[in-house]
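>>> A predicted structure for the sequence below; I have some questions about it.
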Amino acid sequence: MTRPRSAFVTVYAPPEGRGYRPSPHTLRNKLARALWGIVRPLLFRPTPKAMHGWRRMLLRLFGARIAPDAVVHPSVRIWAPWNLEMGPHACLSPYVDCYCVDRVTLGANATVSQYAFLCTATHDPDEPDMPLVTAPITIGPDAWVAADAFIAPGVTVGAGAVVGARSSVFRDVAPRMVTAGNPARVIRMRSDAAFVESVEEAS
Amino acid sequence: MTRPRSAFVTVYAPPEGRGYRPSPHTLRNKLARALWGIVRPLLFRPTPKAMHGWRRMLLRLFGARIAPDAVVHPSVRIWAPWNLEMGPHACLSPYVDCYCVDRVTLGANATVSQYAFLCTATHDPDEPDMPLVTAPITIGPDAWVAADAFIAPGVTVGAGAVVGARSSVFRDVAPRMVTAGNPARVIRMRSDAAFVESVEEAS
Amino acid sequence: MTRPRSAFVTVYAPPEGRGYRPSPHTLRNKLARALWGIVRPLLFRPTPKAMHGWRRMLLRLFGARIAPDAVVHPSVRIWAPWNLEMGPHACLSPYVDCYCVDRVTLGANATVSQYAFLCTATHDPDEPDMPLVTAPITIGPDAWVAADAFIAPGVTVGAGAVVGARSSVFRDVAPRMVTAGNPARVIRMRSDAAFVESVEEAS
């Protein structure tokens, strides 16, 4: 299994200190994440699905704001619970990656389906040292982010909007709109029936 | 880590009883899935790759119809084995999510590659309470669903068709067609050579 | 849970010997992968994030060529370490699938973000027995493959290029170009500032 080292790697010798800008996270942030990194695999991940109250309690201990009847499944990944806020009946489904380097807010009844990826952090590729760039994500009330969708940093999904399965959203989605594709495009408006009843009930 | 509760979440107070329509699954369905949820992590997931016969036996105990030489890798997720049917030489590759809330049928020699997601359930976003909607998925004989592809509820992938890696399929794919992209589009026809030999051998 | 066996599966009876061409991998390859399949879950996967030196050492024992300050996170999947080469400061982020059935080479400072899939193997769908086809992947120096992107077999991502989050790349990406979408398309050029400083520092 020995091979000659390719020229590709060795001819390029970056100078000392070349590379990414150091992590901007505070020591407190790193310690809190290290503690969460111990608590999550031991006390959160192995819990039965029905123990929603226990998981809400753990998330609140780490600073999350979670309405009493919000749902977070055991397999959900949450980078920093203190950046997560969930309204009544909001739901993070199995295997969602809530990469909340910046704040993630789910409105009432907002649903994020399995494998969806809420990504609040990126790097600026136009700077030589690729600094970390973060921006909050907001999923509006009654909105639905369907299975294996991707939400980019800074995106707001409007109230009642639907992000279709597997779509990748890089711009805000207006309320009640339905999007699909990669990159996601608006394909139609959600029906009046759903919207009107929702508004009437809420008023 | 304390922050003021945002207006976004608290101003929207859904009335009592607002939310999703309750799960339509029967008690028998729920009990069977609970049992499978115990059996899978203990007896199915940790098995060596070569123990295909053992995993077929477990799936059959839970009602699956599996041809003797079909292959299901240990890391495959199967929501309800009794909704799965696999023909001779059919294959579910590592990390496939076979989300068979409705029936999933794989024809002879059908191959589903790693990370693919066979998704038989969605919600109707045009109804206020977002009822569950399911529809069967059929992967025809000799068809190939390539890596990390997504198959939406109700889709039939025709005999000998190819769903390209990472594509997302929301409509039926005609036999022998090759699709790619998100949303997936037909890009060409599979070669005659593959098709003709297949037909001749089968006849 | 008993149902009649569907006609779909049983009417199609493939003749003896029909199916995929047997695996072309050598016995040595299979034994080395079997050994890696024992070492990885026991000694590589459960390690704390900071133990980069330990994981580099394990990968080198299995034939990888890894620069002293390259980074491979514990959750990275590597099919065959002896097919992996990483230059200085190169990084494979959490949950990357480095499916190196063929060679994967990362240049200096190349970064592959979380959930990205470097896929060096496919099957030729135009041959009746679907032979395995592999081709190497090269990620150039200073290039960035962002989160949950897919790189197809044979693709070279040029120096300083950016493969946007969730994009699926089936063709070479020229140096400094930024791509997005599925299938990926070039959307712009990376800024001069990043490039010029990089070149000046390297010269």
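Okay, I see it.
>>> report whether the longest helix seen in chain A contacts chain B.
In chain A, taking DSSP state H as the definition, the longest helix is helix A:27-39. Yes: taking C-beta under 8 Å from any C-beta of the partner chain as the criterion, helix A:27-39 and chain B are in contact, through residue A:32. Glycine gets a C-beta too; all of them are placed from N, C-alpha and C.
>>> same check, this time on stretch A:67-77
Yes: applying C-beta under 8 Å from any C-beta, one finds stretch A:67-77 in contact with chain B at residue A:67.
>>> so how far is that stretch off the chain centroid?
13 Å (C-alpha atoms, centre = their mean, to the nearest Å).
>>> go ahead and flag the most central residue of chain A.
Nearest residue to the geometric centre of chain A (C-alpha atoms, centre = their mean): residue A:118, 2.2 Å.
>>> now do the contacts for that one.
Residue A:118 makes contacts with A:96-100, A:104, A:112, A:137, A:139, A:145, A:151, as judged by C-beta atoms under 8 Å, 6 or more residues apart in numbering or on different chains.
>>> again, only this time at 10 Å
A:77-79, A:84, A:92, A:96-100, A:104, A:106, A:112, A:137, A:139, A:145, A:149-153, A:155, A:157 (C-beta atoms under 10 Å, 6 or more residues apart in numbering or on different chains).
>>> how distant is stretch A:59-76 from the center of its chain?
On C-alpha atoms, centre = their mean, the centre of stretch A:59-76 falls 14 Å from that of its chain.
>>> try stretch A:155-175
For stretch A:155-175, the distance to the chain centre is 13 Å (C-alpha atoms, centre = their mean).
>>> contacting residues around the longest helix of chain A?
Contacts for helix A:27-39 (C-beta under 10 Å, 6+ apart): A:23, A:25-26, A:40, A:44-45, A:58-59, A:61-63, A:78-83, A:101, B:1, C:48-49.
>>> try 7 Å
Outside helix A:27-39, the residues within contact range by C-beta atoms under 7 Å, 6 or more residues apart in numbering or on different chains are A:58, A:62, A:80-81.
>>> got it, and stretch A:160-169?
With C-beta under 7 Å, 6+ apart, stretch A:160-169 has contacts from A:140, A:142-152, A:155, A:157, A:173-184, A:190, A:195, A:198, B:119, B:125, B:150, B:152, B:168, B:182, C:166.
>>> one more: stretch A:50-63?
So stretch A:50-63 is in contact with A:32, A:36, A:39, A:43-44, A:47, A:66, A:70-72, A:74, A:81-82, A:84, B:1, going by C-beta under 7 Å, 6+ apart.
>>> report the separation between residue A:138 and residue A:151.
Shown here: residue A:138 relative to residue A:151, a distance of 10 Å by C-beta to C-beta, to the nearest Å.
>>> can you check residue A:185 too?
Remark: distance between residue A:185 and residue A:151 (C-beta to C-beta) = 15 Å.
>>> so these two - more neighbours on which side?
residue A:151 (27 against 14; other C-beta atoms under 10 Å in any protein chain shown).
>>> for that one, give me its contacts.
Contacts for residue A:151 (C-beta under 7 Å, 6+ apart) come out as A:118-119, A:137, A:145, A:157, A:169.
>>> for those residues, which one is nearest chain C?
residue A:119 (6.1 Å; C-beta to the nearest C-beta).
>>> contacts only, for the nearest residue to the closest one once chain neighbours are set aside.
Ranked by C-beta to C-beta, 6 or more residues apart in numbering or on different chains and with sequence neighbours excluded, the top spatial neighbour of residue A:119 is residue A:99, at 5.0 Å. If you count contacts by C-beta under 7 Å, 6+ apart, residue A:99 has them with A:79, A:117-121.
>>> the same query, at a cut-off of 6 Å, please.
Applying C-beta atoms under 6 Å, 6 or more residues apart in numbering or on different chains, we find residue A:99 in contact with A:79, A:119-120.
>>> look up phi and psi at it.
Taking degrees, to the nearest 10, you get phi -90, psi 70 for the backbone angles of residue A:99.
>>> swap in residue A:91?
phi -140, psi 130.
>>> okay, and the beta partners of it?
residue A:71, residue A:111 (DSSP bridges).
>>> go on, residue A:179?
Bridge pairing for residue A:179 - DSSP bridges - gives residue A:163, residue A:186.
>>> ok so, going back, can you name the two of the contacts of residue A:151 that sit furthest apart?
Greatest spatial distance among these (C-beta to C-beta): A:119 and A:157, at 13.1 Å.
>>> stretch A:37-45: how far from the chain's middle?
Distance, centroid of stretch A:37-45 to centroid of chain: 19 Å (C-alpha atoms, centre = their mean).
>>> what's the answer for stretch A:170-184, then?
With C-alpha atoms, centre = their mean as the basis, stretch A:170-184 stands 16 Å off its chain's centre.
>>> do stretch A:70-82 as well
10 Å.
>>> keeping just the C-alphas, turn that stretch into CSV.
Coordinates of the C-alpha atoms in stretch A:70-82 are reproduced here as CSV (Å, rounded to 0.1, in the frame of the first residue of the first chain):
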residue,chain,number,x,y,z
ALA,A,70,-42.7,21.7,21.9
VAL,A,71,-41.1,18.4,20.7
VAL,A,72,-37.5,17.5,20.2
HIS,A,73,-36.7,13.9,19.1
PRO,A,74,-33.7,12.1,20.7
SER,A,75,-31.6,11.9,17.6
VAL,A,76,-31.7,15.7,16.9
ARG,A,77,-28.3,17.4,16.9
ILE,A,78,-28.2,20.8,18.6
TRP,A,79,-24.9,22.6,18.5
ALA,A,80,-25.6,25.1,21.3
PRO,A,81,-28.9,24.7,23.1
TRP,A,82,-28.7,28.3,24.4
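>>> any weak-confidence spans in chain A?
A:1-21, A:192-203 (pLDDT under 70).
>>> what about residue A:41, neighbour count?
10.
>>> so what does it look like in phi/psi?
The phi/psi pair for residue A:41 (degrees, to the nearest 10) is phi -70, psi -20.
>>> near chain B, which residues of chain A show up?
Contact residues, chain A versus chain B (C-beta under 6 Å from any C-beta of the partner chain): A:63, A:65, A:82, A:85, A:87-89, A:105, A:108, A:141, A:162, A:166, A:181-182, A:190-191, A:194, A:197-198, A:201.
>>> in PyMOL, select just the buried ones from the residues you listed.
Selecting only the buried entries of the residues of chain A next to chain B in PyMOL, with 16 or more other C-beta atoms under 10 Å in any protein chain shown as the criterion:
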select buried, chain A and resi 63+65+82+85+87+88+89+105+108+141+162+166+181+182+190+194+198
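>>> in strands only, show me the residues of chain A next to chain B.
Mapping these onto strands (DSSP state E) picks out A:65, A:85, A:105, A:162.
>>> ok, of those residues, which one's closest to chain B?
residue A:162 (4.8 Å).
>>> what separation is there between the closest one and residue C:119?
Taking C-beta to C-beta, one finds residue A:162 at 30 Å from residue C:119.
>>> what does residue A:38 give?
Taken as C-beta to C-beta, the span from residue A:38 to residue C:119 is 34 Å.
>>> ok, now residue A:134?
29 Å.
>>> please say which of the two ends up with more neighbours.
residue C:119 (31 against 18).
>>> who does the more buried one bridge with?
residue C:99.
>>> how many residues are close by residue A:101?
Residue A:101: 21 neighbours (other C-beta under 10 Å).
>>> can you pull the phi/psi pair for the nearest residue to it once chain neighbours are set aside?
Leaving aside its sequence neighbours, residue A:101 sits nearest to residue A:121 (C-beta to C-beta, 6+ apart; 3.8 Å). The phi and psi torsions at residue A:121 (degrees, to the nearest 10) take the values phi -130, psi 140.
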